[in-house]
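>>> Curious how this folds, go ahead:
(2 chains)
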Amino acid sequence: MTALNIIFVLVLVLQTLILIVLLKKKKPFITNDRKNDFNKNDYSLRPIVENNIDGIILYNKNGVIFEWNKAIEKITGFNRDEVIGTNIFHILKQLLKINQAGEFIIDDLALDLINESPKKDPSMFEILIKDKKGETKNIELFIISGKSDDETIFGNIIRDITEKKKEIKETYFYLQYIIDSIKTTIITVDKDFNVTHENKAATRFRNENDPEISYLFTKYPKLGFIKESFDKCTDSNQIINDSRMVINETGETVYYAISVFPLSDEIRPGKVIMIDDITERIKMEEVMIQSEKMISVAGLAAGMAHEINNPLGTISQGCQNLIRRTSLSLPKNIEAANKIGILPENISKYFEIREIFEIINSIQQASQKASEIIKNMLQFSRRSESKKVLYNPEKLLNESLDLLYNDYSLKKNYDIRSIKIIKEIAHAVPDIKVTVTEIQQVIFNIIQNAVHALKDEENPSKNPVITLRLNYTISEITYEIEDNGPGILEIHKNRIFEPFFSTKEVGKGTGLGLSVAFMIIKNNHKGNISVESFPGKGTKFIIKLPVYGF
Amino acid sequence: MTKKKLLILDDDETIRFNMKLYLEDEGFECADAGDSEAAFLITRKGGFALSIVDLRLPGINGEDYIKKSYVLNPEMKYLIHTGNTQYILPKELSKLGINREDVFYKPVESFDIIVKKIKQYI
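Model prediction:
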């Protein structure tokens, strides 16, 4: 019995010990103590919650807040002491009630609490809140919940994304600013050809009546010219580069370079369209070709002049020989006449009666004139070495006028002598330091324009007059070139010095004459050129050049 | 006084022909050449007082002709008769005693000025 008793007692003791150990181990999990733990906020994971960089709010099914960490204090401005034990809705209403999205979230949370239904996945919202100070912040709000033993715990994780948002916004605006600053038109479309992006340059092609339309070719009715390139890109799924010439609504010819790039992104397939206005470039190329032509013409003229002067020399000399060989002053002439039985006097008499000397004289004059034209042409076509010399302004004006009288193209089309030229020149105008050929070119050009205006085929002036004035002050000389032609329309007046602007018929003017004049006067000579015009009364060009030494 | 001869160097035959007529009428004895090589052959025999030289010539041009001829015959005078109205006398030729008044541009309005110049030299 004793042995059995001893065993029994031992087992009993052992059982008690195990129980005690087990009981001791179980103690932290006793549910009764749990709530007290939360209230005391000394549960073991607290430091992790407390120091989390995201704001964390925890509350029970009744909405009573039992956790409010440091980060949420910072985001909301509400202290832990103010909110612990209060109702979550009370505080959320203050934070979220600035728009409908906030109210929706509050409703959502309320529903969760009523149903006591924990969400399987945390849901996320991106909304605006107003903190205690009334400052608006962008936040991301996660709603979490979980069932622990007998109780469902709810929580919100709140992340301040105000700075991030601001950065994204700034980046977006910066990118948009960049693409808006680009002159190239940029449009992106999705797979159904609806416009997803456009830059500022694209707006000029838009249908302003209905900005809501998104279909590419309805939104931009003026983009018909890219259709072919666009279709090519759709068919081939390859980058397409094209160029097109378009006559716009004001009748101007515009050149475009078109590129269409396929966006092969599987999530958002579509296309990028880029359109460049290359009109200036094309025109520039034309001008370069033109000026190269001019240069070669000038070279040709120089070579030709040399060649023409030789036969002119023969003509001139031949005439002089003719006169001498019929004169009585050469003994050889008399000798030859006597030899064939003609009275030497009769030879010159015959020549006089038949006006042969006049004929010879006219030939001589013509050859002199031809050589004069060539000389002027050479001077005009010669490339300016920009060598400035002291020059008399009156002489310069007269030379420009001579040049004009010798201008073949002008003479061919108009009888320039039917235009009355009045000169009003001041006495003793001081010298100017200029590149003579350049200023000649400017004056020539302006007078030529005046002649064209006065001799307009459709509307010729009845009493055409060009007045050339030359005046001076102590610091500058002033040329005025005035005509009584039809004048310049107000809308054209501001543009006449613009390169490529011409009101003349296509092929008759390059639209460069006055822009070159402008460059010569303003840039090369530090002078000034301006225009005054009254429609129906005439036009006056005023050129001011600094007096040398002033 | 021995008659001093003139040489007309020009590749244009009509110029040579007319100039020769005119100068012969003035009593000068003239020879003419269409290029510098021919001119050298002619003047080598001597007796030439003055050359009227065109500048643009086949082969040796007028300027080079004058420079070479000057070495062979430093006594000879030169007049330049050119169709290039923009021609400016270079320093090398000025050094040989040719001045701006010795340059005549085609077409010469009155040949008397050339005759006057010739008479001044010979």
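>>> Can I get the longest helix along chain B as PDB, trimmed to CA atoms?
The residue-count maximum for a helix in chain B (DSSP state H) belongs to helix B:13-25. What follows is helix B:13-25 as a C-alpha-only set of coordinates in PDB (Å, rounded to 0.1, in the frame of the first residue of the first chain):
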ATOM      1  CA  GLU B  13      41.200  89.700-134.800                       C
ATOM      2  CA  THR B  14      38.700  92.500-135.500                       C
ATOM      3  CA  ILE B  15      40.200  94.600-132.700                       C
ATOM      4  CA  ARG B  16      43.700  94.100-134.200                       C
ATOM      5  CA  PHE B  17      42.500  94.900-137.700                       C
ATOM      6  CA  ASN B  18      40.800  98.100-136.700                       C
ATOM      7  CA  MET B  19      43.500  99.300-134.400                       C
ATOM      8  CA  LYS B  20      46.100  98.600-137.000                       C
ATOM      9  CA  LEU B  21      44.100 100.600-139.600                       C
ATOM     10  CA  TYR B  22      43.800 103.500-137.300                       C
ATOM     11  CA  LEU B  23      47.400 103.600-136.200                       C
ATOM     12  CA  GLU B  24      48.700 103.200-139.700                       C
ATOM     13  CA  ASP B  25      46.600 106.100-140.700                       C
END
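>>> tell me what that helix is packed against?
Counting contacts by 3 or more Cβ pairs under 8 Å, 6 or more residues apart in numbering or on different chains; DSSP states H and E, helix B:13-25 is packed against helix A:279-325, strand B:5-9, strand B:29-33, helix B:112-121. In this view, the C-beta of every residue, glycine as well, is placed from N, C-alpha and C.
>>> Can you add distance to A:N199, mean pLDDT and mean neighbour count and give these back as JSON lines?
Formatted as JSON lines, the helices and strands packed on helix B:13-25 follow (distance: least, Cβ to Cβ, whole Å; pLDDT from 0 to 100; neighbours: other Cβ atoms under 10 Å in any protein chain shown):
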{"stretch": "helix A:279-325", "distance to A:N199": "19", "mean pLDDT": "77", "mean neighbour count": "16"}
{"stretch": "strand B:5-9", "distance to A:N199": "73", "mean pLDDT": "95", "mean neighbour count": "23"}
{"stretch": "strand B:29-33", "distance to A:N199": "76", "mean pLDDT": "95", "mean neighbour count": "18"}
{"stretch": "helix B:112-121", "distance to A:N199": "74", "mean pLDDT": "93", "mean neighbour count": "14"}
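>>> element containing A:Y255?
Per DSSP states H and E, A:Y255 falls inside strand A:253-263.
>>> partner strands of that strand, parallel or antiparallel?
Strand A:253-263 has its sheet partners listed here by DSSP bridges as strand A:240-247 (antiparallel), strand A:270-277 (antiparallel).
>>> And the first one, what's buried?
Counting neighbours by 16 or more other Cβ atoms under 10 Å in any protein chain shown, one finds that the buried residues in strand A:240-247 are A:I240, A:D242, A:R244, A:V246.
>>> before we move on, what about stretch A:327-334?
Residues of stretch A:327-334 classed as buried: A:L330, A:N333, A:I334 (neighbour count, 16+ other Cβ under 10 Å).
>>> Keep those, but drop any that are not near chain B.
A:L330 (Cβ under 8 Å from any Cβ of the partner chain).
>>> Which neighbouring elements make contact with whichever strand or helix holds A:L404?
Following DSSP H and E, one finds A:L404 within helix A:393-405. Where contact means 3+ Cβ pairs under 8 Å, 6+ apart, helix A:393-405 is packed against helix A:356-381, strand A:420-425, strand A:432-434, helix A:436-454, strand A:465-472, strand A:476-483.
>>> can you tell me which of those comes nearest to chain B?
helix A:356-381 (5.2 Å; Cβ to the nearest Cβ).
>>> Helix, strand, or coil at the residue nearest to A:I488 when sequence neighbours are not counted?
Distances taken as Cβ to Cβ, 6 or more residues apart in numbering or on different chains put A:S533 closest to A:I488, at 4.1 Å, once the chain neighbours are dropped. Using DSSP: H, G, I helix; E, B strand; the rest coil, the structure places A:S533 in strand.
>>> I'd like to know how far the most centrally placed residue in chain A sits from A:K200.
Among the residues of chain A, the one closest to the centroid is A:K183, at 4.2 Å (Cα atoms, centre = their mean). Using Cβ to Cβ, to the nearest Å, we find A:K183 at a distance of 9 Å from A:K200.
>>> and if you look at A:N310?
Separation of A:N310 from A:K200 (Cβ to Cβ): 64 Å.
>>> helix, strand or coil for the residue nearest to the centre of chain A?
A:K183 ends up coil, using three-state DSSP.
>>> How about the residues of chain B by chain A?
With Cβ under 8 Å from any Cβ as the criterion, chain B meets chain A at residues B:12, B:14-15, B:18-19, B:21-22, B:25, B:56, B:81, B:83-86, B:105-111.
>>> For the nearest residue to A:A110 once chain neighbours are set aside, give its distance to chain B.
In this structure, A:A110 finds its nearest non-sequential neighbour in A:F89, 6.9 Å apart by Cβ to Cβ, 6+ apart. Going from A:F89 to chain B by Cβ to the nearest Cβ, to the nearest Å gives 100 Å.
>>> Next up, the contacts around A:F89.
Counting by Cβ atoms under 8 Å, 6 or more residues apart in numbering or on different chains, A:F89 makes contact with A:G63, A:I106, A:L109, A:A110.
>>> Which neighbouring residues are in contact with the most centrally placed residue in chain B, exactly?
Nearest residue to the geometric centre of chain B (Cα atoms, centre = their mean): B:I52, 1.2 Å. Applying Cβ under 8 Å, 6+ apart, we find B:I52 in contact with B:L6, B:L7, B:I8, B:L9, B:D10, B:M19, B:Y78, B:L79, B:H81, B:I114.
>>> Show me what the third one is bridged to.
This means B:I8. With DSSP bridges applied, B:I8 shows beta-bridge pairing to B:D32, B:I52.
>>> what does stretch B:112-122 contact?
With contacts defined as Cβ under 8 Å, 6+ apart, stretch B:112-122 is touched by B:4, B:6, B:22-23, B:26, B:28, B:49-50, B:52, B:77, B:79, B:81, B:101-102, B:104, B:108.
>>> Just among these, which is most surrounded?
B:I52 (25 neighbours; other Cβ atoms under 10 Å in any protein chain shown).
>>> Quick check: pLDDT value at that one.
pLDDT for B:I52: 96.
>>> Also A:S148?
70.
>>> ok, it - how many residues close by?
9.
>>> what about it, distance to A:N60?
Distance, A:S148 to A:N60, using Cβ to Cβ: 11 Å.
>>> about what we covered before: and the helix or strand hosting the residue nearest to A:A110, what's buried?
Assigned by DSSP H and E, A:F89 falls within helix A:88-96. Buried residues in helix A:88-96, defined by neighbour count with 16+ other Cβ under 10 Å: A:I88, A:I91, A:L92, A:L95, A:L96.
>>> So which bits of stretch A:343-363 are buried?
Residues of stretch A:343-363 classed as buried by neighbour count (16+ other Cβ under 10 Å): A:P344, A:I347, A:S348, A:F351, A:I356, A:I360.
>>> who's in contact with the fifth one?
When you say that, I think you mean A:I356. A:I356 neighbours (Cβ under 8 Å, 6+ apart): A:T326, A:Y350.
>>> With the fourth one instead?
Contacts were defined as Cβ under 8 Å, 6+ apart; by that measure A:F351 touches A:T326, A:F357.
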